[in-house]
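[1] missing the sequence, but the structure's below:
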């Protein structure tokens, strides 16, 4: 086992260059922490049109200019250009896959902004990303110990590694780790896409990279990687044991359960920390927790409520889709509005929910208010100013808002699934342990029961509530913690 690992981290998005989802945050934070711990990390990401090459000082590398590969019968020319991901304590080398046809002329990452449909050539775009990784290693003569792949866009890399490159001495000691951030996006393409991959013909079957007669990039990653992980321990178990979570690939997942691990994502404590947060009106910590109420006042004012310290404010920041529990919230709404609470919501998603919540804000204007859209400053104010935070998710691979809430002394009420089950521990009023409230069954009845339990302690036992808040604020969700767990996985892989 090397004392210092060489890690090639492949992703389709990275903050601050380009982002559509949490993958971009992970792809920035984790490599930085690994490098901080003394390991040698390099990142590969496509250079989309939205990436400002002058701002980020992206430059050419002579050895990596005008490289050629085939995608089926089509010859594709591309370059790998270089820059650095610069963090507060370290800088990580990053290679941008530059090809005008597939990436450079498109500002949107995966979908056509006009039609909102996936780009029809996404198969070719991410075949190029996969093949480019092997060209990079070959041209530099730099063999990493681990190629760390993320989501379907990188799913073909383990298949190429196990087939096309299996007899190449440069690649013989490399191991692949495949991280699932989003199980439902799988990179599914017609069977005809298989020819474009130029993989051995025996992979064009259900034993290989086909699933239900179609090419499935995510399945390729699951079948051919040396090890798999996802973004929480509970979610890793749910994927292997429960067909509702496997998104059609449960059989494949259960076959690999011995190679499946869960590591919770970290949070950026330079951004999410009530003691140093520049986006909230009043900073505070567990030592002067009474100052939190100033943020509650500001939140009430923002949403047009009178401030009342005795009435709990429940915050929600969510995509408004059924997977996030919005359907049971809608069902529970009339009962929630009978309680002596205030509910504030920030989010965007399905139009039916936009309509429902906009109408509810008029009907229950003294108890409910919402902002349909996204506003980062408002997100910080909701985390700092709410007393409780509701996350009734049907699925939640990791979840970040429950972690932000705990750090901000805002008590989560969550369904015990995925990362929520790993981070929110039910409060035990007898011995003062735990940091929130959880319910098991996906039902509005169980959700309301936990809201009532939380309300009862808030309104009758403020001293106990303070203990609960402080329990959450002691949590350690730093990326350094998560990075060390990834190093343990790398050790298992390379031993």
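    Happy to help now that I have it. Since we're looking at a predicted model, the values are computed, not measured.
[2] Please count neighbours and contacts with C-alpha atoms only from this point.
    Will do.
[3] who does the lengthiest strand in the chain touch, helix- and strand-wise?
    As assigned by DSSP state E, the longest strand anywhere in the chain is strand 74-86. For strand 74-86, the elements it packs on are strand 67-71, strand 91-98, judged by 3 or more C-alpha pairs under 8 Å, 6 or more residues apart in numbering; DSSP states H and E.
[4] what angle separates the last one from strand 74-86?
    With axes from the mean of the first three to the mean of the last three C-alpha atoms, to 10 degrees defining the directions, strand 91-98 sits at 160 degrees from strand 74-86.
[5] Okay, buried residues for strand 91-98 please.
    91, 92, 93, 94, 95, 96, 97, 98 (16 or more other C-alpha atoms under 10 Å).
[6] Can you tell me who the last one pairs with across the strands?
    This means residue 98. residue 79 (DSSP bridges).
[7] Correct me if wrong: it contacts residue 104.
    Yes: contact criterion C-alpha atoms under 8 Å: residue 98 and residue 104 qualify, at 6.6 Å.
[8] Next, show the common contact partners of these two.
    Residues touching both residue 98 and residue 104 (C-alpha atoms under 8 Å, 6 or more residues apart in numbering) are 47, 48.
[9] Same list (the helices and strands packed on strand 74-86) but as a markdown table, adding distance to residue 472.
    Converted to a markdown table, the helices and strands packed on strand 74-86 look like this (distance: least, C-alpha to C-alpha, whole Å):
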| stretch | distance to residue 472 |
| --- | --- |
| strand 67-71 | 51 |
| strand 91-98 | 32 |
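[10] Residue 284 is nearest to which of those strands?
    Across the helices and strands packed on strand 74-86, residue 284 has its closest neighbour in strand 91-98 (31.0 Å, C-alpha to C-alpha).
[11] ok, then the element right after that closest one?
    Using DSSP states H and E, the helix or strand that directly follows strand 91-98 along the chain is helix 122-140.
[12] Assumed residue 357 was part of a helix.
    Yes: assessed by DSSP: H, G, I helix; E, B strand; the rest coil, residue 357 belongs to a helix.
[13] From residue 306, how far out is it?
    Residue 357 is 20 Å from residue 306, where distance means C-alpha to C-alpha, to the nearest Å.
[14] can you check residue 442 too?
    Per C-alpha to C-alpha, residue 442 is found 33 Å from residue 306.
[15] So for those two, which sits in the more crowded spot?
    Regarding residue 442 and residue 306, a neighbour count based on other C-alpha atoms under 10 Å identifies residue 442 as having more, with 17 against 11.
[16] and the residue nearest to that one when sequence neighbours are not counted, what does it touch?
    Spatially, and ignoring its direct neighbours in sequence, residue 442 is nearest to residue 394 (6.6 Å; C-alpha to C-alpha, 6 or more residues apart in numbering). Shown in contact with residue 394 (C-alpha under 8 Å, 6+ apart): 322, 323, 324, 325, 415, 417, 442.
[17] and with 6 Å instead?
    323, 324, 325 (C-alpha atoms under 6 Å, 6 or more residues apart in numbering).
[18] Can you turn the buried part of the residues you listed into a PyMOL selection?
    Burial among the contacts of residue 394 is assessed by 16+ other C-alpha under 10 Å; the matching PyMOL selection reads:
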select buried, resi 324+325
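[19] possible to save the contacts of residue 394 as CSV with pLDDT and secondary structure?
    Listed next are the contacts of residue 394 as CSV, based on pLDDT from 0 to 100; DSSP: H, G, I helix; E, B strand; the rest coil:
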residue, pLDDT, secondary structure
323, 91, helix
324, 95, helix
325, 97, coil
